[in-house]
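Colleague: Below: sequence and its predicted model.
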Amino acid sequence: MIMLKSDSDLAGLRAAGRLAADILRSVSRAVVPGVTTRELGQVAERLMHEAGARSAFLGYRGFPGVICVSVNDEVVHGIPGNRKVAPGDVVSIDVGVRYQGYVGDTATTVMVEVVDPDVIRVVETARRALDAGLE
């Protein structure tokens, strides 16, 4: 069943989505060689707390992280931990927030000093495919 949204609902969804996107941008900027995926989660957790938001992921079906961080061959929904990001890594980050009764969820992929042309081509092709799908 399709639930129709009121103007107030749409504004709430936009606010939650904007906040998730802002947090995602900040976490993405923190992806540098040597940072642990746990530290990336801590950045997100601090920003959520400061904004008065909660993680949409923490505790969902037992998930123990505030965000999802997957490195290289980890497909999706990686749990932040002690793994250190290294040059050449491809890091996927998924941020979901509960904010003022609404959920915002967004994700991105960050290439960390990647020079391998095959890796660059795969990531850029996936990004172009997403853009085409969104059009």
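Modeller: Structure's in. What do you need? Numbering: from 1, shown residues only.
Colleague: Show me which helix runs longest in the chain.
Modeller: helix 7-29 (DSSP state H).
Colleague: just checking, next helix/strand downstream of that one?
Modeller: Using DSSP states H and E, the helix or strand that follows helix 7-29 in sequence is helix 37-51.
Colleague: helices or strands up against the helix or strand following that next one?
Modeller: Using DSSP H and E, the helix or strand that follows helix 37-51 in sequence is strand 54-55. For strand 54-55, the packing partners by 3 or more CB pairs under 8 Å, 6 or more residues apart in numbering; DSSP states H and E come out as helix 37-51, strand 90-99. Using the backbone N, CA and C atoms, a C-beta is placed for each residue, glycine as well.
Colleague: Direction included, what does strand 54-55 pair against?
Modeller: Taking DSSP bridges as the criterion, strand 54-55 forms sheet pairs with strand 90-99 (antiparallel).
Colleague: Just the CA trace of the strand it pairs with, in PDB.
Modeller: What follows is strand 90-99, C-alpha atoms only, in PDB (Å, rounded to 0.1, in the frame of the first residue of the first chain):
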ATOM      1  CA  VAL A  90      37.600   1.400  -1.500                       C
ATOM      2  CA  VAL A  91      35.400   2.200   1.400                       C
ATOM      3  CA  SER A  92      31.700   2.200   1.300                       C
ATOM      4  CA  ILE A  93      29.800   4.200   4.000                       C
ATOM      5  CA  ASP A  94      26.100   4.000   4.800                       C
ATOM      6  CA  VAL A  95      24.500   6.500   7.200                       C
ATOM      7  CA  GLY A  96      21.000   6.200   8.500                       C
ATOM      8  CA  VAL A  97      19.500   8.600  11.000                       C
ATOM      9  CA  ARG A  98      16.300   8.900  13.000                       C
ATOM     10  CA  TYR A  99      15.500  12.600  13.200                       C
END
